[in-house]
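K.L.:
Sharing a sequence plus its predicted fold:
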Amino acid sequence: MPRLTRRGISRRIRRVSQGAGLWLRDNTGPKGAFTLVITNDPDHGTTEDYARVFGELTRLGLKVTTSVFCTLEDDSSDLARHCHAGETESLADPAFRDLMLELHDQGHEIAFHGYSQVSNTRERFVEGLEIFREALGHYPFTYVEHGGNPRKHPSDGCKRETLAMEGLNPESSYYVWDIIKDKVGCVWAWHDLLDDDYGVKQVEDLFYQCDGVLLFRRARMHYLDRVIRDVAREGGVFSGYTHFGYEGYRKAPEYRFENWTGRHLKPAVEGLERILRRHDVTSLTVQELVRTAVASQEGEGR
Ligand SMILES: [Zn+2]
């Protein structure tokens with residue numbers, strides 16, 4: 001057996017650590033404080049998977065802004081094929097609706113993801129908001145658009161009422177901008193992802209106004225591992241986006257925060273536990289982040 005030198009041992013530890021899932025990234029450097037916002041889109045989400053994921057996140061004291069469809073439709077489009085009844089659940093499923101109500105009571109934010117997963121006319125969009133209000137007791141504060149990006153995907157896979165398609169066009173039957181202005185507090189639109197952007201963000205970098213409507217930006221959840229040291233050091237805000245039900249990400253340590261189903265939940269939860277042990281994390285929903293920012297702005301103005 002070779003003699004283990006101190007350097008040999010630390011090399012070995014480093015190797016094990018990297019393999020075990022980026023342990024070094026969040027466990028070296030000074031302890032920091034940062035704000036963590038986790039948003040989850042409902043594509044491929046089921047009650048069974050969500051009950052496990054939210055059970056763990058609630059245990060850790062982490063809050064999530066999780067969006068919902070009111071129902072699922074089949075119009076034979078790419079959108080209907082992308083996620084559909086049987087593998088995605090909506091407010092039309094009593095068990096899923098009850099889970100959303102439970103999460104809402106626990107302090108998670110339930111956001112609107114549209115009437116259904118396919119293109120919805122403005123009448124359907126309004127109907128969706130009313131179904132949401134009936135189920136949750138209020139209109140959604142946050143609306144997260146669903147559907148493909150017209151710059152990258154065929155139009156059959158893009159929701160026509162999104163702002164990048166026809167949502168801003170008053171001539172279209174998919175015009176919804178006036179409804180958004182009237183009923184919703186904050187929107188994620190235009191596929192506004194912080195792709196290839198590993199800079200530390202503060203609240204003012206994540207929100208912007210458009211015609212009186214507040215919009216926000218988010219980064220893919222696995223970016224958390226890449227940026228955590230800088231975000232924690234600078235006291236930034238990480239606005240993450242994932243799908244608790246999606247299984248398409250490679251099952252590798254660097255994607256631990258994109259894989260939440262089955263046995264992949266454990267490494268994701270362990271990763272979050274390590275971060276929570278290491279740093280002073282303030283977990284907020286989108287709505288709470290906006291309220292906190294507004295309150296501190298008003299405080300400064302006084
Ligand atoms: Zn979606």
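P.N.:
Perfect, I can see it now.
K.L.:
what's the helix or strand where residue 143 lies packed up against?
P.N.:
Secondary structure assignment for residue 143, by DSSP states H and E: strand 142-144. In terms of contacts (3 or more Cβ pairs under 8 Å, 6 or more residues apart in numbering; DSSP states H and E), strand 142-144 is packed against strand 64-68, strand 109-112, strand 186-188. Glycine gets a C-beta too; all of them are placed from N, C-alpha and C.
K.L.:
Mind listing what's buried along the helix or strand just after it?
P.N.:
Using DSSP H and E, the helix or strand that directly follows strand 142-144 along the chain is helix 177-183. Using 16 or more other Cβ atoms under 10 Å as the test for burial, helix 177-183 gives 177, 179, 180, 183.
K.L.:
rewinding a little: format the helices and strands packed on strand 142-144 as TSV; extra columns: mean pLDDT.
P.N.:
Listed next are these as TSV, based on pLDDT from 0 to 100:
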stretch	mean pLDDT
strand 64-68	98
strand 109-112	98
strand 186-188	98
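K.L.:
Please name whichever of the ones you listed is nearest to the ion.
P.N.:
strand 64-68 (7.3 Å; Cβ to the ion).
K.L.:
Give me the residues contacting the closest one.
P.N.:
Contact with strand 64-68 is made by 37-42, 50, 54, 57, 90-91, 96, 100, 103, 108-113, 132, 142-144, 146, 244, 285-287, as judged by Cβ atoms under 8 Å, 6 or more residues apart in numbering.
K.L.:
If we check the ion, which of those residues are in contact?
P.N.:
Intersecting the contacts of strand 64-68 with the contacts of the ion gives 41, 146 (criterion: Cβ under 5 Å from the ion).
K.L.:
Filter the contacts of strand 64-68 down to the buried ones.
P.N.:
Taking 16+ other Cβ under 10 Å as the criterion, what is buried in these is 37-42, 50, 54, 57, 90-91, 96, 100, 103, 108-113, 132, 142-144, 146, 244, 285-287.
K.L.:
What's the end-to-end length of stretch 231-245?
P.N.:
Using Cα to Cα, to the nearest Å, one end of stretch 231-245 lies 27 Å from the other.
K.L.:
Pull out the buried positions in that stretch.
P.N.:
Within stretch 231-245, judged by 16+ other Cβ under 10 Å, the buried ones are 231-233, 236-245.
K.L.:
again with stretch 188-200
P.N.:
Those would be 188, 189, 191, 192, 194, 200, for stretch 188-200 by 16+ other Cβ under 10 Å.
K.L.:
go on, stretch 249-259?
P.N.:
Neighbour-count burial for stretch 249-259 flags 249, 253, 255, 256, 257, 258, 259 (criterion: 16+ other Cβ under 10 Å).
K.L.:
Quick check: the last one vs the ion, distance?
P.N.:
The one in question is residue 259. As judged by Cβ to the ion, to the nearest Å, residue 259 and the ion stand 17 Å apart.
K.L.:
so who does residue 44 touch?
P.N.:
Here residue 44 is in contact with 83, 87, 88, 243, 245, 246, 247 (Cβ under 8 Å, 6+ apart).
K.L.:
wait, residue 153
P.N.:
Taking Cβ under 8 Å, 6+ apart, we find residue 153 in contact with residue 78.
K.L.:
quick one, helices of the stretch 201-302 of the chain?
P.N.:
For the stretch 201-302 of the chain, the helices defined by DSSP state H, counting those that start in this stretch occupy 203-206, 223-234, 265-278, 286-301.
K.L.:
between the longest one and strand 64-68, how many degrees?
P.N.:
Our comparison of helix 286-301 with strand 64-68, counting by axes from the mean of the first three to the mean of the last three Cα atoms, to 10 degrees, yields an angle of 130 degrees.
K.L.:
pLDDT at the residue lying closest to residue 52 once chain neighbours are set aside, what is it?
P.N.:
Spatially, and ignoring its direct neighbours in sequence, residue 52 is nearest to residue 265 (6.0 Å; Cβ to Cβ, 6 or more residues apart in numbering). On the pLDDT scale, residue 265 is placed at 98.
K.L.:
hang on, residue 265 packs against residue 54?
P.N.:
No: the criterion here is Cβ atoms under 8 Å, and residue 265 misses it with residue 54 at 10.9 Å.
K.L.:
returning to that earlier point: show me which pair in the buried residues of stretch 231-245 is furthest apart.
P.N.:
Within the buried residues of stretch 231-245, 233 and 245 form the most distant pair, 33.0 Å apart (Cβ to Cβ).
K.L.:
Fine by me, thanks again.
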